[in-house]
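1. Just a sequence and a predicted model for now, questions to come.
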Amino acid sequence: MSGPVAIVTDVEGTTSSVAFVRDVLFPFARKHLAEYVALHGQQSTVRQCLSDARTLAGEPGLDDVGTVALLQRWLREDRKATPLKTLQGLIWAEGYSRGELKGHVYADAARELRAWHGRGLRLYVYSSGSVAAQKLLFGYSIEGDLTPLLSGHFDTTTGPKLEAASYTKIAQALALSPGDILFLSDSVAELDAARQAGLRTACLDRGEVAVPQGHGHPTFPDFTSLDSFVCVS
Ligand SMILES: CSCCC(=O)C(=O)COP(=O)(O)O
Ligand SMILES: [Mg+2]
């Protein structure tokens, strides 16, 4: 079998540490959400997010203060709801531009992304974090600006990461057959959905969180060990 034409990678737990997302990014959004909505609540994107959140919650009558409380609850629950993820991206943009945030990317991930790009592999990101948030994390990363390596980004506007149809849509967007794409993630449920859509899969088990065993996806502790799989699979 020849190698994949494209690699689509998850972020949290795959290119980047879970602790960075859980202990740095999410608390930053929690801390600044109310202030951000108070200052920018009249901007059309923010109004749209607030309105979409109310619709999703089935509470169209909520005022902005109530909607912020709803979004804070979703943040605590790590809900992958598009309006929340869009707002998080807008709030993080301020943190990155002020130098208060730097995106965590594992050194092995940055090194292999550079190597794979150099070998002509097409590289994409699929995360529940918004496309804007992805570009910030990779653009302001501790490993430098990695955005020139990436040919495209997908988020929850393509569909939920746990649904096979989302991966079918990504394959169509890349104009590739699913079998030409390798999907990388630390989430077995995401890998199962990608495999169901016909993508090749590889599981990252970086030892940071418990990854269940017996799922049948080839498993690697980092991108360095994944390299030989990418090149010969
Ligand atoms: C890329 S922005 C930070 C990650 C994030 O907001 C998130 O919800 C993580 O989702 P992932 O799909 O990358 O596990
Ligand atoms: Mg993940």
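-> Done, it's in. Numbering: from 1, shown residues only. Ligands and ions are numbered 1, 2, ... in the order given.
2. Near the nearest residue to Ala189 once chain neighbours are set aside, how many other residues are there?
-> Excluding the flanking residues, the one nearest Ala189 by C-beta to C-beta, 6 or more residues apart in numbering is Leu162, at 5.2 Å. (Each C-beta comes from the backbone N, C-alpha and C, glycine too.) Look at Leu162: counted by other C-beta atoms under 10 Å, it has 14 neighbours.
3. May I have the secondary structure class of Leu162?
-> Assigned state for Leu162: coil (three-state reduction, DSSP: H, G, I helix; E, B strand; the rest coil).
4. ok, it - contacts?
-> 189-190, 193 (C-beta atoms under 8 Å, 6 or more residues apart in numbering).
5. Kindly report the same for Lys169.
-> Residues in contact with Lys169, defined by C-beta under 8 Å, 6+ apart, are 158-159.
6. what kind of secondary structure is it in?
-> helix.
7. how much space between it and Ala197?
-> Separation of Lys169 from Ala197 (C-beta to C-beta, to the nearest Å): 9 Å.
8. Which positions in the one helix or strand Val37 maps to come out as buried?
-> Assigned by DSSP states H and E, Val37 belongs to helix 26-40. Residues 28-29, 32-33, 36-37 are the ones in helix 26-40 that count as buried (16 or more other C-beta atoms under 10 Å).
9. again, but for stretch 4-18
-> So for stretch 4-18, counting by 16+ other C-beta under 10 Å, buried means 4, 6-17.
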